[in-house]
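**Student:** sequence and predicted structure, then a few things I'm wondering about:
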Amino acid sequence: MSKRYTPREMLEKLISFNTVSDRSNLDLIAFVEDYLSGFGIASVRVPDETGTKAALHARIGPLQDGGVVLSAHTDVVPVAGQAWSREPFTAWVANGKLYGRGSADMKGFAATVLAKVPEFVAADLERPIHIALSYDEEVGCFGAPPLVKDMLASGPRPGFAIVGEPTNMKVVTAHKGIAVFKTTIRGHPAHSSQLHRGVSAISAAAKLISWLDARTAENKAATEPDCAFEPPYTTLHSGVIKGGEAHNITAQHCEFETDFRLLPGDSKHFWLDLYQSFIETEVLPGMLAISGDCAVTVEELAYVPGLSEEHEGKAESEVRGLTGDNARHVVVYATEGGIFQEHGLSTVVCGPGSIDQAHQADEFIELVELERCAAFLDRLMTRLS
């Protein structure tokens with residue numbers, strides 16, 4: 001039988017695995033597999049294409065539809081360049097707070113769920129509890145889609161999903177989606193004194209970025225008064241740009257990255273089609289008139305669907321009943337919740353800790369949050385028994 005852990009002890013263990021997104025998470029996954037096996041729980045590993053990372057899912061309880069998915073990602077954001085007061089992958093406790101990378105985002109939820117496994121196993125569950133651990137959430141939610149597909153294809157269908165991102169155990173019923181694109185522009189170099197003979201890729205990029213900014217301004221002006229998001233509209237933002245060789249050469253190359261932060265129900269295809277149309281009708285023709293070598297390409301780097309509020313959704317009803325939280329909460333950051341919902345599962349986001357601590361130096365979670373999450377899982381276990 002596996003060693004039993006308290007939520008705090010399990011969190012300290014999970015933090016000890018350096019699972020920054022550019023590294024493998026297989027050591028953590030192997031630990032979880034062995035831990036679950038010690039309680040007689042078989043788990044399924046879902047590897048990525050490289051074999052250096054993997055997601056994991058496991059079922060505790062009967063082979064019945066209608067259970068719950070408890071979902072968390074195993075990767076964390078980098079610590080490089082941050083002023084940590086101690087080693088970020090060795091947890092420490094001070095003043096009722098547990099510090100370490102991933103403590104809030106979101107190993108705190110995963111740790112509490114795993115610590116409860118012995119009690120889940122001993123309970124007389126009538127509906128199963130599914131544990132789902134993903135990879136690469138922080139860089140584009142790449143691990144969740146194959147995980148969800150494999151879980152749904154290989155076992156009973158859960159009734160709802162809880163994504164345990166840090167919400168201070170409040171029930172979040174909606175979040176924005178995100179689509180990330182890279183625009184690459186090939187211009188035509190010329191001496192800047194003969195500007196008419198060249199095509200500046202930087203100037204073309206400026207036109208495109210100005211167009212994106214203008215669409216955001218239009219969205220802001222058309223904000224629906226009852227929209228609960230802040231900001232209450234879809235935004236199109238360019239955060240990275242690279243280009244040019246010298247001040248006296250028209251830039252042959254420029255590239256920039258843009259993210260669309262989409263209101264739930266807003267389509268990335270709608271905005272991408274508008275963008276492509278502007279490129280093809282307003283920008284590219286003038287470039288090609290000077291040089292046929294010019295080009296503009298748009299590549300999708302990542303997409304995470306938004307989570308939409310559900311009318312009489314099962315997840316919302318169940319989790320509100322377990323938490324007592326009946327207020328309306330939405331968030332502007334993306335989670336894997338939209339992916340579960342896109343696969344037909346009623347979903348909410350609810351977990352311990354505060355998003356204010358996520359991605360920060362000396363990231364922490366209050367120990368009382370772990371206690372609140374553990375009590376919530378106790379009530380959930382009783383509901384399913």
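**Tutor:** Cool, got the structure.

**Student:** so who does the residue lying closest to residue 70 once chain neighbours are set aside touch?
**Tutor:** Of all residues not flanking residue 70 in the chain, residue 113 sits nearest, at 4.9 Å (C-beta to C-beta, 6 or more residues apart in numbering). (Glycine included, C-beta is placed from N, CA and C.) Residue 113 makes contact with 70, 72, 131, 164, 377, according to C-beta atoms under 8 Å, 6 or more residues apart in numbering.

**Student:** doesn't the last one fall inside a helix?
**Tutor:** Yes. The assignment for residue 377 by DSSP: H, G, I helix; E, B strand; the rest coil puts it in a helix.

**Student:** where are the low-confidence patches of the stretch 51-200 of the chain?
**Tutor:** Residue ranges of the stretch 51-200 of the chain with pLDDT under 70: none are present.

**Student:** do you have the strands of it handy? List them.
**Tutor:** Using DSSP state E, counting those that start in this stretch, the strands assigned to the stretch 51-200 of the chain run over residues 54-60, 68-73, 92-94, 97-99, 129-134, 160-163, 172-175, 177-186.

**Student:** pull the number of nearby residues for residue 245.
**Tutor:** Residues within reach of residue 245, counting by other C-beta atoms under 10 Å, total 11.

**Student:** just residue 106 next, same as before
**Tutor:** Residue 106, neighbours per other C-beta under 10 Å, totals 28.

**Student:** give me the distance from the longest helix along the chain to the chain's centre.
**Tutor:** Using DSSP state H, we find that the single longest helix of the chain is helix 201-221. Helix 201-221 has its C-alpha centroid displaced from the chain centroid by 26 Å (C-alpha atoms, centre = their mean, to the nearest Å).

**Student:** now do it, average pLDDT.
**Tutor:** The average pLDDT for helix 201-221 rounds to 98.

**Student:** neighbouring contacts of it?
**Tutor:** Here helix 201-221 has contacts from 183, 185-187, 231, 233-238, 241, 243-244, 250-256, 258, 271, 274-275, 278-279, 282-283, 287, 296, using C-beta under 8 Å, 6+ apart.

**Student:** flag every buried residue along it.
**Tutor:** Neighbour-count burial for helix 201-221, with 16 or more other C-beta atoms under 10 Å as criterion, is recorded at 201-205, 208-209, 211-212, 215-216, 219.

**Student:** kindly report the same for stretch 113-128.
**Tutor:** For stretch 113-128, by 16+ other C-beta under 10 Å, it's 113-117, 120, 123, 125, 127-128.

**Student:** can you classify the residue most central in space within the chain by secondary structure?
**Tutor:** The chain has residue 335 as the residue nearest its centroid, 3.7 Å off, counting by C-alpha atoms, centre = their mean. Per three-state DSSP, the local secondary structure of residue 335 is coil.

**Student:** fine by me, we can end here.
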